[in-house]
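Q: Below are the sequence and a predicted model for it; my questions follow.
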Amino acid sequence: MELFKEYEASAPILKLIEQQALNRLTRMNRFIDRLIVNEQEKPENLRSSLSLWKSNRRFYRKKVNLNCKYASKARLKGFSATLEGTIKNISMTGLGLEIDPGNESALSHEIGEVFQVETTLPNGKELKLPCTLVRSSKGRGYTSLGMTYLELSDDERKILGFFLLPA
């Protein structure tokens, strides 16, 4: 009861922050429950597990206009074309990349393919992100790619987290 009184007496902005934190915690718990169930079921194909991410996406995405370079991870060991694109949105779990349709003739862009994406944030911090292609769509004069990160190091997580904080 005492905690409830403290909450009621707090400033409206603190109540809003507390409510957002509670909502995030609740969503994370639900997501972890779903991951456990999916792990037990062992989905046979990558597209079904990636569609779970897409259908339950409720995370913050920041609209940006960042130049980047990307290459297929499968070909990084040998000769591979490093292509340019523009990151249009970014979050803690993935990014949206726009590329010139001509890039598709230089490099395969198949769902499930792994790429290395390199960019420099406006604050001068460099990111090298291993990503999996989860969606691709064509627009007028560009191709839009949706990618999720395969892994983020602690340093990359911090750099990206600070960049995503509201200004």
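A: Sure thing, it's come through. Numbers count the residues shown, from 1 in each chain.

Q: if I read this right, Pro101 contacts Lys138, doesn't it?
A: Yes. Counting by Cβ atoms under 8 Å, a contact exists between Pro101 and Lys138, whose distance comes to 6.9 Å. Quick note: C-beta positions are derived from backbone N, CA and C, even for glycine.

Q: Mutual contacts of those two, please.
A: Between them, Pro101 and Lys138 share no neighbouring residue, with contact defined by Cβ atoms under 8 Å, 6 or more residues apart in numbering.

Q: Figure out the length between the terminal residues of stretch 135-148.
A: The first and final residues of stretch 135-148 sit 10 Å from each other (Cα to Cα, to the nearest Å).

Q: lowest-confidence helix or strand of this structure?
A: Within the chain, no helix or strand scores below helix 46-55, which has a mean of 51 by mean pLDDT, DSSP states H and E.

Q: Touching the helix or strand that that helix is followed by from outside, list them.
A: For helix 46-55, the following helix or strand on the C-terminal side (DSSP states H and E) is strand 62-72. By Cβ under 8 Å, 6+ apart, the list of residues contacting strand 62-72 from outside reads 80-91, 97, 107-108, 113-122, 131, 163-164.

Q: Among those, name the ones in strands.
A: When strands are assigned by DSSP state E, the members of those inside them are 83-90, 97, 114-120, 131.

Q: List buried residues within those residues.
A: Burial by neighbour count, 16 or more other Cβ atoms under 10 Å: within the ones in strands among the contacts of strand 62-72 this picks out 83, 85-90, 97, 115-117, 119, 131.
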